[in-house]
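> from the sequence below, what's the structure:
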Amino acid sequence: MNPVALVAQAMIAYFEGDIRRINYLFKVYSFAKVIGELENLDASTQLMLEIAALTHDIGIKVSEAKYHSASGEYQQLEGPNEAEKLLSTLDMDTGKVARV
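Reported below is the predicted structural model:
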């Protein structure tokens, strides 16, 4: 299966039915995908862009639980670890996981 589709599916599960967050995730993803295509990115860079767009807010749940805040500052602290955990479950190459 397409790795972007797998990440999208995993992020939908991660947000546990929070329609507002799921819709926002796909809004950001759609913009990123189109911008990357219009910029004629190579396939590898486009893939990284799309996966990064899908996972860009992954730190929000931990931030809210841990700090009682959705502040970007906290998401930047918590997001990389959450993204690594999620992407690792999808057997993604460690180099790609690190890049995202």
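> from Asn23, how far off is Leu47?
Note on Leu47: its distance to Asn23, by CB to CB, to the nearest Å, is 23 Å. For the C-beta atoms, the positions are set from N, CA and C on the backbone; glycine is no exception.
> so these two - more neighbours on which side?
Each of Leu47 and Asn23 has its neighbours counted (other CB atoms under 10 Å); Leu47 has more, 19 against 11.
> residue contacts, that one?
3-4, 96 (CB atoms under 8 Å, 6 or more residues apart in numbering).
> make it 7 Å
The contact partners of Leu47, by CB atoms under 7 Å, 6 or more residues apart in numbering, come to 3-4.
> Three-state assignment for it, please.
helix (DSSP: H, G, I helix; E, B strand; the rest coil).
> grab the nearest non-local neighbour of the residue nearest the centre of the chain.
Compute the mean C-alpha point of the chain, and by CA atoms, centre = their mean the closest residue is Thr55, 0.8 Å away. Distances taken as CB to CB, 6 or more residues apart in numbering put Ala83 closest to Thr55, at 4.7 Å, once the chain neighbours are dropped.
> likewise for Met92?
Distances taken as CB to CB, 6+ apart put Pro3 closest to Met92, at 6.6 Å, once the chain neighbours are dropped.
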